[in-house]
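Visitor: Task: produce atomic coordinates for the following.
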Amino acid sequence: MRMSDAKLVGVEYLPLDAIEVAARIRPVSEAALESLIGSIKETGHMLAEIQVRRLKGGGYRLMAGGHRLEAARRLGWVTIASKIYDCGARWARLVELDDNLAHAELDVLEMATFLAERKKVYLEMHPEKRQGIAGGKARQNSATDIVSVAKTIAEKRGFSERHVYRLMSAGEALTADQKRWLRDAPNKVTLADLTALAKEGDERARTDAILEFTRGNSKSVKKALSARTSGPIKSPVEKASEGLINAFRRAPKEARRRFVKTYIEELQELIDDDFAEAAAEYRREGSAA
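Guide: Numbers count the residues shown, from 1 in each chain. Presented below is the predicted three-dimensional model:
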């Protein structure tokens, strides 16, 4: 079924038991659910219908309105107002994604996940618009569609399109395991963290940084990535030694001469110490042989 074949069949009060709930991208939030139930009790009704897909074998499957459906169950309702559609599985997936992107309280990780999944599903429905498959026209159309989605979401959410693209890239870059680890981390991941992860092309580096963050060994994923790329932590002695060596190498010859003349006695003492240590080591090795 093409996207254009999806159609609204009608609006009815459906029995809750007739509505199937498949695996959802975003689980029900207890805090959001409590707020919704409180609102329903106060106003006496639910503000919007849920959206369901009519199944060929009978029954219905939820597309949008997971919190509303669960609230109805907990309130003991028998039926719930529902918009019923005839549509394909991918179109139903887009409805779920768009409903959350437009209305749900999402953190940056959830937003990144939804945006990446929406792009994936859309391109599965329209493979001719995938870049590089059908020439310049297809590439242009694909870009236009993605820009349109980003612009719409940015307007609804009140942030920039650039923000949307960064989140989308991060959602595409991260694996399912990496997203799960970030969700379970003691601290919330930030947009700066996700942007840094999206730019990191080494999956092992991303995994190591995420695990450092989730274990509490780093205050942020971005810092964990920076620490990994900068190599092992150097001791104060190593840092001071490198500073002296680099300064000596960069200095002109006359400056180096003055340095040696000024510190010649101390340098000679250090040389003698090194020579004595080397001689002692040589004797130890000889006796061991």
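Visitor: those strands in the protein, which residues are they?
Guide: With strands called from DSSP state E, the chain shows them at 7-15, 19-20, 50-54, 60-64, 79-86.
Visitor: could you give me the average pLDDT of the fourth one?
Guide: The average pLDDT for strand 60-64 rounds to 90.
Visitor: Just the buried residues of that strand, please?
Guide: Residues 60, 62-64 are the ones in strand 60-64 that count as buried (16 or more other Cβ atoms under 10 Å). All C-beta atoms are positioned from the backbone trio N, CA, C, and that covers glycine.
Visitor: Dump these into TSV; add distance to Gly10 as well.
Guide: Converted to TSV, the buried residues of strand 60-64 look like this (distance: Cβ to Cβ, whole Å):
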residue	distance to Gly10
Tyr60	12
Leu62	17
Met63	15
Ala64	16
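Visitor: Greatest separation within those residues: which pair is it?
Guide: Farthest pair in the buried residues of strand 60-64 (Cβ to Cβ) is Tyr60 and Ala64. Separation: 12.5 Å.
Visitor: before we move on, back to that, in TSV, list the strands of the chain along with distance to Gln268.
Guide: Putting the strands of the chain into TSV (distance: least, Cβ to Cβ, whole Å) gives the following:
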stretch	distance to Gln268
strand 7-15	93
strand 19-20	87
strand 50-54	86
strand 60-64	82
strand 79-86	89
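Visitor: For Arg215, which of those is the nearest?
Guide: Closest approach to Arg215 among those (Cβ to Cβ): strand 60-64, 36.4 Å.
Visitor: on contacts alone, who are the packing partners of the closest one?
Guide: When contacts are defined as 3 or more Cβ pairs under 8 Å, 6 or more residues apart in numbering; DSSP states H and E, strand 60-64 packs onto strand 19-20, strand 50-54, strand 79-86, helix 89-103.
Visitor: Name every strand pairing with it and say which way it goes.
Guide: strand 19-20 (parallel), strand 50-54 (antiparallel) (DSSP bridges).
Visitor: tilt between it and helix 89-103?
Guide: 40 degrees (axes from the mean of the first three to the mean of the last three Cα atoms, to 10 degrees).
Visitor: Please tell me how far Leu8 sits from Glu281.
Guide: For Leu8, the distance to Glu281 equals 87 Å [Cβ to Cβ, to the nearest Å].
Visitor: need the contact list for the residue lying closest to Leu36 once chain neighbours are set aside.
Guide: Residue nearest to Leu36 in three dimensions, not counting chain neighbours: Ala71, with 4.9 Å by Cβ to Cβ, 6 or more residues apart in numbering. Applying Cβ atoms under 8 Å, 6 or more residues apart in numbering, we find Ala71 in contact with 33, 36-37, 40, 46.
Visitor: can you list the weak-confidence ranges in the stretch 51-200 of the chain?
Guide: 102-104, 129-150, 156-158 (pLDDT under 70).
Visitor: winner for burial among the strands paired with strand 60-64?
Guide: Of these, the one with the most neighbours on average (mean count of other Cβ atoms under 10 Å) is strand 50-54, at a mean of 22.
Visitor: Can you name the residues in contact with it?
Guide: So strand 50-54 is contacted by 9, 14, 19, 60-65, 68-69, 80-87, 89, 92, 95, 99 (Cβ under 8 Å, 6+ apart).
Visitor: Quick one: the helices in the chain, in order.
Guide: With DSSP state H, the ranges of helices along the chain come out as 30-43, 66-74, 89-103, 108-125, 135-157, 161-173, 176-183, 191-199, 203-214, 221-229, 236-250, 253-262, 264-288.
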